[in-house]
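Participant: Sequence plus predicted model, see below.
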Amino acid sequence: MGFKNLKTLYLGANNISTIKHGIFMGLKNLKSLDLQSNNIATIKEGTFTKLSNLTTLYLQNNKISRIEKVMFQDLHSLQYLYLGANNISTIKHGIFMGLKNLKTLNLGANSISTIKHGIFMGLKNLKTMYLQDNKISRIEEVVFQDLRSLQDLYLGANNISTIKHGVFMGLKNLKSLDLNGNNISTMKQGIFNGLSNLTTLDLGHNNIATIKEGTFTKLSNLTTLYLQENKISSIEEEMFQDLHSLQYLNLDGNKISTMKQGIFNGLSKLTTM
């Protein structure tokens, strides 16, 4: 291709199924490449070779089932990677190594079932990650520990039933955590420890019946908590005791029959319930 000064290339919503090796060579100034809504199933090694200035890559709504380790190896400037609505079921260890400038990673609406340790290695500047609408039932411990810049994590509409201790370890800058629409029934004490900057926690539309004392310990900056459409029947006295910054609390659609006196003591900033 002879468009050496091209910065944006739109090829979305076509019938592209195959991309030949080196087809984008020569586009050294390309910053945005849109390949979404095609029929791409495989991306061969060398497809994105020498696109060293590319910052945005749209690959969502294709038929990609596998991500190879070498697929993104030359994209050192990439900041936004969209892989949502494909057929991805597994992600290999260290697949995103080299994408040190990546800020947004969208893997939503795929068929991922397990989040394994090491798959997010190297993403030290990632701020937003979409994993919603997959088939995730298992998240290994400390799987997010390298994502120290992460601010928003979307895990809604999966098959998560339990959350292990240490799953969210290292996410000290996380501000928003979405777990809406899973199968969570119980939450262990202290599972959110370390999320000291969390402001929004969405646990709506799960199967939570009981919230144990200490579940929300140390979430001192939490302002918004969604617990709607669960199976909560009673609210324990110490349930919200550490949520001094809470402003919005949604308990709609539960089975609450009794509330103990003083249950909301300490929630001095609560404005909406």
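Facilitator: Okay, I see it.
Participant: What does the pLDDT read for the closest residue to residue 251 other than its chain neighbours?
Facilitator: Distances taken as C-beta to C-beta, 6 or more residues apart in numbering place residue 227 nearest to residue 251, at 5.3 Å, with adjacent residues excluded. Backbone N, C-alpha and C define where each C-beta goes, glycine included. We have a pLDDT of 97 for residue 227.
Participant: Would you confirm that residue 227 contacts residue 205?
Facilitator: No: in this structure, residue 227 is not within contact of residue 205 by C-beta atoms under 8 Å, at 9.8 Å.
Participant: May I have the residues that are in contact with the residue nearest to residue 251?
Facilitator: 203, 204, 208, 211, 249, 250, 251, 254 (C-beta atoms under 8 Å, 6 or more residues apart in numbering).
Participant: among those residues, which one has the lowest pLDDT?
Facilitator: residue 211 (87).
Participant: Regarding it, which helix or strand does it belong to?
Facilitator: Per DSSP states H and E, residue 211 falls between elements, in no helix or strand.
Participant: so where is the stretch 1-150 of the chain shaky, pLDDT-wise?
Facilitator: Under the criterion pLDDT under 70, the flagged ranges of the stretch 1-150 of the chain are 1-2.
Participant: which residues in it form strands?
Facilitator: 8-10, 32-34, 56-58, 80-82, 104-106, 114-115, 128-130, 138-139 (DSSP state E, counting those that start in this stretch).
Participant: neighbours around residue 72, how many?
Facilitator: By other C-beta atoms under 10 Å, the residues close to residue 72 number 23.
Participant: With residue 55 instead?
Facilitator: 19.
Participant: Could you do residue 163 as well?
Facilitator: 18.
Participant: didn't it look like it was pressed against residue 188?
Facilitator: Yes: contact criterion C-beta under 8 Å: residue 163 and residue 188 qualify, at 7.1 Å.
Participant: Any buried residues in stretch 266-273, and which?
Facilitator: By neighbour count with 16 or more other C-beta atoms under 10 Å, stretch 266-273 contains the buried residues 267, 270.
Participant: mean confidence score for that stretch?
Facilitator: The average pLDDT within stretch 266-273 is 87.
Participant: Can you give the contact residues for that stretch?
Facilitator: 223, 240-241, 243-251, 264.
Participant: out of those, which are buried?
Facilitator: Here, 16+ other C-beta under 10 Å leaves 223, 240, 241, 243, 245, 246, 247, 249, 250, 251, 264 buried among the contacts of stretch 266-273.
Participant: Which ones among those map onto strands?
Facilitator: 249, 250 (DSSP state E).
Participant: Max pairwise distance over the buried ones among the contacts of stretch 266-273: which two?
Facilitator: 241 and 250 (18.6 Å; C-beta to C-beta).
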